[in-house]
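[1] Build me a model from this:
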Amino acid sequence: MRGRRLVVFSSLISLAIGLAGCGNSALPRTYPASGMVVYQDGKPIKGGGSIQFVSADDPSLRISGEIKPNGSFVLRTVRDNEQAPGAPVGEFEVTIQPKLAVDPRGAELGAHRVADPIVLERKQKVHAGENQMKIEIPMPPSS
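    Residues are numbered from 1 along each chain as shown. Below is the predicted model:
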């Protein structure tokens with residue numbers, strides 16, 4: 001009788017642990033979301049940086065990605081201690097944070113400054129399914 005109780009108790013504990021991990025995610029369903037950040041002339045942004053998508057419906061979500069030196073990015077969604085690749089369905093305000101310029105010796109120019117963020121006027125939509133985006137930003141000022 002004691003062995004049977006132990007088996008039932010163990011089964012209940014296993015079930016409770018299994019259920020605790022199911023359906024309790026703080027994240028909405030996400031879909032693959034990637035793309036390129038390019039200037040109006042079609043050339044990719046130089047030097048990398050980061051891209052953020054902000055939802056008016058759910059500002060607690062952090063949707064962002066690193067912009068690689070070739071202008072490409074892949075988004076991921078974070079809330080609290082959970083993260084998932086991609087982005088949820090919705091319409092988002094997009095902010096680009098360019099990386100600071102680097103001089104030929106590799107030192108960041110104006111390391112005490114932060115490059116000005118670029119907030120796009122047009123919102124970006126994420127749809128259910130694969131999302132391949134082309135994010136166009138204004139031309140940089142001439143040096």
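
[2] Poorly predicted segments of the protein, please.
    The model of the chain has pLDDT under 70 over residues 1-24, 100-114, 141-143.

[3] Identify the residues contacting the top strand by length along it?
    Counting residues, the longest strand in the chain under DSSP state E turns out to be strand 90-98. Contacts to strand 90-98, defined as Cβ atoms under 8 Å, 6 or more residues apart in numbering, come from residues 37, 45, 47, 49-58, 63, 67, 115-120, 123-126, 135, 137. The C-beta positions use only the backbone N, C-alpha and C, and glycine is treated the same way.

[4] same deal with stretch 41-51?
    Contacts of stretch 41-51 (Cβ under 8 Å, 6+ apart): 36-39, 64-73, 75, 94-102, 115, 135, 137, 139.

[5] Kindly recompute the last result at 7 Å.
    36-39, 64-71, 73, 94, 96-99, 101-102, 135, 137, 139 (Cβ atoms under 7 Å, 6 or more residues apart in numbering).

[6] What sits closest to the residue nearest the centre of the chain if chain neighbours are left out?
    Geometric centre of the chain, nearest residue: residue 64, 2.4 Å, by Cα atoms, centre = their mean. Using Cβ to Cβ, 6 or more residues apart in numbering and skipping the chain neighbours, the partner closest in space to residue 64 is residue 52 (4.6 Å).

[7] Please state the backbone phi and psi of that neighbour?
    phi -130, psi 140 (degrees, to the nearest 10).

[8] right, and it touches residue 66 too?
    No: counting by Cβ atoms under 7 Å, residue 52 sits too far from residue 66 to count as a contact (11.0 Å).

[9] ok, the longest strand of the chain: who's next to it in the sheet?
    strand 49-55 (antiparallel), strand 118-119 (antiparallel), strand 124-126 (antiparallel) (DSSP bridges).

[10] For those strands, give me a markdown table that also has distance to residue 81 and mean neighbour count.
    Shown next, in a markdown table, are the strands paired with strand 90-98 (distance: least, Cβ to Cβ, whole Å; neighbours: other Cβ atoms under 10 Å):
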| stretch | distance to residue 81 | mean neighbour count |
| --- | --- | --- |
| strand 49-55 | 19 | 20 |
| strand 118-119 | 28 | 14 |
| strand 124-126 | 23 | 17 |
